[in-house]
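In: My questions concern the predicted model and sequence given below.
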Amino acid sequence: MPFRLTPEAARAALPHLERAVGAPLTITSTTEVLAGRPDGWDAAVAAMRGRPPAGAAPLTVMGTVAGALVAHGRAHDLRNAARWLSDQLELDHLRKKAAQESIPVELGGRTRFIDPGAVWFAEARGDYVRLRTAEGGYLVRTSMAALEQRWAGAGFIRAHRSTLVNARHVSELRFADGRALLLVGTETLPVSRRHTREVRERLTARRA
């Protein structure tokens, strides 16, 4: 399959690539960028399969080959152009990832998207979940199980049956009267006995 770009990334890439390779390139649609010779896609597929032709430079996203830039031009210029385009692909990937992870919150007729990195902790409130940030609290209609799955890779730890905490905002773990407590942002939260060991291990591993 050919590599694909958003229309914005395709338009931004085209003039840069044409200058770099010294040859015209063609956009066949708003999302496909076609290198300048007829066998461009075949060469791209070959590069993805580990057989890069002489006139191809790999395009990578998060360290994984996503396609190849194929055109006539000096190898050095081609590599620079491919590196630049790979950066655009990675930025596009990160933007999509952030959009998938963020949570929409309705505020006075406006929709605000809360990034998981800004959330200190989340706590269950019936059919809602309250997200606590430095700016205040926001209620969203979702379940803790759904939120935990959605933010699985964002550094959240289950501290209690009804609480998820963001490890990056935990500044202290202490014990009082046999119970574990977390200082998250400016608030102190209890840790259930069931989750104490996992919380301590994950916080320690994160800071190792």
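Out: Looks like it arrived, so ask away. The structure displayed is predicted, hence computed values, not measured ones.

In: CA atoms for contacts and neighbours, from now on please.
Out: Noted.

In: For this protein, which helix extends over the most residues?
Out: Across the chain, the longest stretch assigned as helix under DSSP state H is helix 75-101.

In: Could you confirm L59 falls within a helix?
Out: No - counting by DSSP: H, G, I helix; E, B strand; the rest coil, L59 falls outside a helix, being strand.

In: Next, count neighbours for it.
Out: 27 (other CA atoms under 10 Å).

In: ok, it touching V65?
Out: Yes - L59 lies in contact with V65 (CA atoms under 8 Å); the separation is 5.7 Å.

In: ok so, going back, buried residues in the longest helix of the chain, which are they?
Out: 77-79, 81-90, 92, 101 (16 or more other CA atoms under 10 Å).

In: Packing partners of that helix?
Out: Packing partners of helix 75-101 (3 or more CA pairs under 8 Å, 6 or more residues apart in numbering; DSSP states H and E): helix 7-21, strand 56-61, strand 64-70.

In: looking only at pLDDT, what's the mean for that helix?
Out: On average, the pLDDT along helix 75-101 is 72.

In: Sheet partners, orientation included, of whichever helix or strand comes after it?
Out: Downstream of helix 75-101, the next assigned helix or strand under DSSP states H and E is strand 103-107. Strand 103-107 has the following sheet partners, assigned by DSSP bridges: strand 110-114 (antiparallel).

In: Give me the contact list for the strand it pairs with.
Out: 102-106 (CA atoms under 8 Å, 6 or more residues apart in numbering).

In: Dump it to CSV, keeping only the CA atoms.
Out: Provided in CSV are the C-alpha atoms of strand 110-114 (Å, rounded to 0.1, in the frame of the first residue of the first chain):
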residue,chain,number,x,y,z
ARG,A,110,-18.2,25.2,24.3
THR,A,111,-16.4,21.9,23.9
ARG,A,112,-12.9,21.7,25.5
PHE,A,113,-10.6,18.8,25.0
ILE,A,114,-8.8,17.6,28.1
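
In: now for the following helix or strand past it, which elements pack on it?
Out: For strand 110-114, the following helix or strand on the C-terminal side (DSSP H and E) is strand 119-125. Other helices and strands packing on strand 119-125, by 3+ CA pairs under 8 Å, 6+ apart, are strand 128-133, strand 163-166.
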